[in-house]
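[1] Provided below for reference: sequence and predicted model.
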Amino acid sequence: MFDDNKFLKGTSGQVFINNTFLAEINKVSIKLTGQFEDFAPVGDYCSHHVYVGYDGQGTLEGVRVNTGIDSELIEAYQKGTTPDLKIYADLKNPNTGATEKYMITGVQFTEITPVEWESKKLITRSMPFTFTGIKILSTID
């Protein structure tokens, strides 16, 4: 039997860059992709896949309410500097009070789109990024 109160809903999520709450974000994707090397030992017809590391990637999506982050990233790109950015993402189940929280470090936004809009449409943005670290702060069991 399903307990409807345990289903997680993205509406209860929050995202922060460093300590700034991003209320305009309505979609978050953070993923780890394993890196593997193929290894074919003599006498074994099966290819083996040896884990050698991972890539961290993600995207923040939402509506545009300001251009502050764009100007900071453009300036950093032009100067050849790397801002020290962290993303904090959490998701709470309001029915149970349980929360999952993650801290993403070494964040590098890989694309900046300072101008993209269309008449009679909300202006949206997609902010893809890479990262080097992820820390689980809490989980929902």
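    Received it, and whenever you're ready, just let me know what you need. Numbering: from 1, shown residues only.

[2] mind listing what Asn5 touches?
    Asn93, Asn95, Thr96 (C-beta atoms under 8 Å, 6 or more residues apart in numbering). No exception for glycine: its C-beta is placed from N, CA and C like everyone else's.

[3] surely the second one forms part of a helix?
    Read that as Asn95. No: going by DSSP: H, G, I helix; E, B strand; the rest coil, the assignment for Asn95 is coil, not a helix.

[4] how about the nearest residue to it, chain neighbours excluded?
    Spatial nearest neighbour of Asn95, excluding adjacent residues (C-beta to C-beta, 6 or more residues apart in numbering): Asn5 at 3.7 Å.

[5] redo the contacts of Asn5 as a markdown table? Include distance to Asp44 and pLDDT.
    Listed next are these as a markdown table, based on distance: C-beta to C-beta, whole Å; pLDDT from 0 to 100:
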| residue | distance to Asp44 | pLDDT |
| --- | --- | --- |
| Asn93 | 46 | 91 |
| Asn95 | 51 | 88 |
| Thr96 | 48 | 87 |
